[in-house]
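Chemist: Below: sequence and its predicted model.
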Amino acid sequence: MMTKIKQKPIEELKAKEFLLVKDAAALLNSSRQMIYNLINTGKLNAKNIQKKKTLIPRSEIDKLMFQGQVVPMANKKKPKPPKADDFYSLSEVQQVTGVSEKALHQLICYS
């Protein structure tokens, strides 16, 4: 039997003054581990009120999101398509490696 996981609407989470780690993760569209990493590195202030209950003030989430320190995303350039000069012919591979044609064929087919 599958149990449905109750998901809180984002608007409801935005209205809360204090968030649980799982709520902060849902609000930031991230994992709980990421929230704990932010807490452990001091980027997000939180308070343990019980052994397994950590509360994060909603204002801390706002500070984190709007503090002005934007980390640029990696510049993902499209890889250039390979040119004909980037490849070896089978005979060139044989000459360079000293591998027989049969052994080369087996390496290509069974790898």
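Modeler: Yep, it's here. Numbering: from 1, shown residues only.
Chemist: low-scoring stretches of the chain, by residue?
Modeler: 1-8, 67-76, 111 (pLDDT under 70).
Chemist: my guess is Leu64 contacts Ile39, does it?
Modeler: No. Between Leu64 and Ile39 there is no contact under CB atoms under 8 Å: 10.7 Å. Heads up, the C-betas are built off the backbone N, CA and C, glycines and all.
Chemist: which of the two has more neighbours?
Modeler: Higher neighbour count among Leu64 and Ile39: Ile39, with 19 against 16, using other CB atoms under 10 Å.
Chemist: wait, doesn't that one sit right on Ala46?
Modeler: Yes. Using CB under 8 Å, Ile39 is in contact with Ala46, at 4.8 Å.
Chemist: if I look at those two, which residues touch both of them?
Modeler: Residues touching both Ile39 and Ala46 (CB atoms under 8 Å, 6 or more residues apart in numbering) are 54, 56.
Chemist: how distant is the helix or strand in which Lys63 is found from the center of its chain?
Modeler: Per DSSP states H and E: Lys63 is located in helix 58-66. Here helix 58-66 is found 21 Å from its chain centre; the criterion is CA atoms, centre = their mean, to the nearest Å.
Chemist: can you give me the helices in this protein?
Modeler: 10-15, 21-27, 32-40, 58-66, 90-97, 101-109 (DSSP state H).
Chemist: Thanks a lot, see you next time.
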